[in-house]
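Asks: Sequence below, structure please.
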Amino acid sequence: MTNTIRLMYPDWQSGDNPVYYFGAQLLNWLAPQNSQQKLIKVPITPPQNKQPKLKLENGVTAQSEVIANVHAAQKILDVELPDKIITLGGNCMVSQAPFAYLHDKYGEDVGIVWIDAHPDISNPQIFSNEHAMVLANLMGKGDPELAKLVKHPFSNESILYVGLQEPTADEKKRLPELGLDYQLEDNQQVDIEKIQAWINQHHFSKILVHFDIDVLDRNLFFDQYFDKPGVTDYDVSGGKLDPDKASHVLKKLGADNDIVGLTIAEYLPWSALKLKEMMENMSIFN
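Replies: Numbers count the residues shown, from 1 in each chain. Predicted structure coming up:
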């Protein structure tokens, strides 16, 4: 039998946002039930009610805590030895440990479909939050302290971007340095047939899918980075993918390929958290 596990991985420090912690828990509750898939919770220090500001270490927010989180996930995988991993985050950093593990297991048969509005190939000189460096880490070229935890880095040819939006000026310089091809894609341009053609061309028998919820159009899906109450101006581009189109892409990828790793990340349920806080302040509940 195939050993598929679920990692509930509420990393919030990598994105310096406590809402990621709550989002991972709610995402786990929303996921379809399956008694054949063992659920394991990566032990993450929860945010405090009045969370003090996270410290910079080597230009990285809470670097030692992020490293500890990755080690905790790696330890679980080394014990469980899964064939397939579903990772429920947390922010994008949660893909590092499971994707690195699966690359070790399956070697060059593995390709990554990175469904995200952002390229996640930053480094500490460009940006301080680790979740923006995770794909570069998986290539062995992001944050040196995190990248060295990846035993077998991915090549540029094993990565396909889907739904990418306008990169920052620094990212535009970095993408060609890493040898990563990309094109900007809106809802009409994301084409499952082109994705499948890329998979077939490279003869990948195993696929890893990273799905960052902020690839979705903020006007059609609200619980994401670009829907924070009271914020209208963002310094990065938002996603343009219709949730129904994204669902079709994910369904077809699963039907036509062997997906051995799936990450769903960056679910930010702002309204649900506010309602939770409101109820916590009502004496009748206590």
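
Asks: okay, CA-based contacts and neighbour counts for the rest of this
Replies: Will do.

Asks: Next up, the contacts around His131.
Replies: By Cα atoms under 8 Å, 6 or more residues apart in numbering, the residues touching His131 are Ser14, Gly15, Asn91, Cys92, Met93, Asp120.

Asks: among those residues, which ones are buried?
Replies: Burial by neighbour count, judged by 16 or more other Cα atoms under 10 Å, picks out Ser14, Gly15, Asn91, Cys92, Met93, Asp120 from these.

Asks: Lys54 contacts Gly15, correct?
Replies: Rather than Lys, residue 54 is Leu. No - the criterion here is Cα atoms under 8 Å, and Leu54 misses it with Gly15 at 10.5 Å.

Asks: got the buried residues for stretch 77-86?
Replies: Judged by neighbour count using 16+ other Cα under 10 Å, the buried positions of stretch 77-86 are Leu77, Leu81, Pro82, Asp83, Lys84, Ile85, Ile86.

Asks: now for the strand or helix carrying Gln96, which elements pack on it?
Replies: If you go by DSSP states H and E, Gln96 is part of helix 96-106. Contact here means 3 or more Cα pairs under 8 Å, 6 or more residues apart in numbering; DSSP states H and E; on that basis helix 96-106 packs against helix 63-80, strand 84-89, helix 134-138, strand 259-265.

Asks: those strands in the chain, which residues are they?
Replies: 4-9, 38-41, 56-57, 60-61, 84-89, 110-115, 159-162, 206-212, 259-265 (DSSP state E).

Asks: so can I have a markdown table of those strands showing distance to Phe22?
Replies: Output for those, formatted as a markdown table (distance: least, Cα to Cα, whole Å):
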| stretch | distance to Phe22 |
| --- | --- |
| strand 4-9 | 11 |
| strand 38-41 | 13 |
| strand 56-57 | 23 |
| strand 60-61 | 19 |
| strand 84-89 | 10 |
| strand 110-115 | 22 |
| strand 159-162 | 26 |
| strand 206-212 | 16 |
| strand 259-265 | 12 |
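
Asks: can you list these in TSV and add mean pLDDT and distance to Leu26?
Replies: Below are these laid out as TSV (pLDDT from 0 to 100; distance: least, Cα to Cα, whole Å):
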stretch	mean pLDDT	distance to Leu26
strand 4-9	98	10
strand 38-41	98	13
strand 56-57	96	29
strand 60-61	98	25
strand 84-89	98	10
strand 110-115	98	21
strand 159-162	98	25
strand 206-212	98	16
strand 259-265	98	12
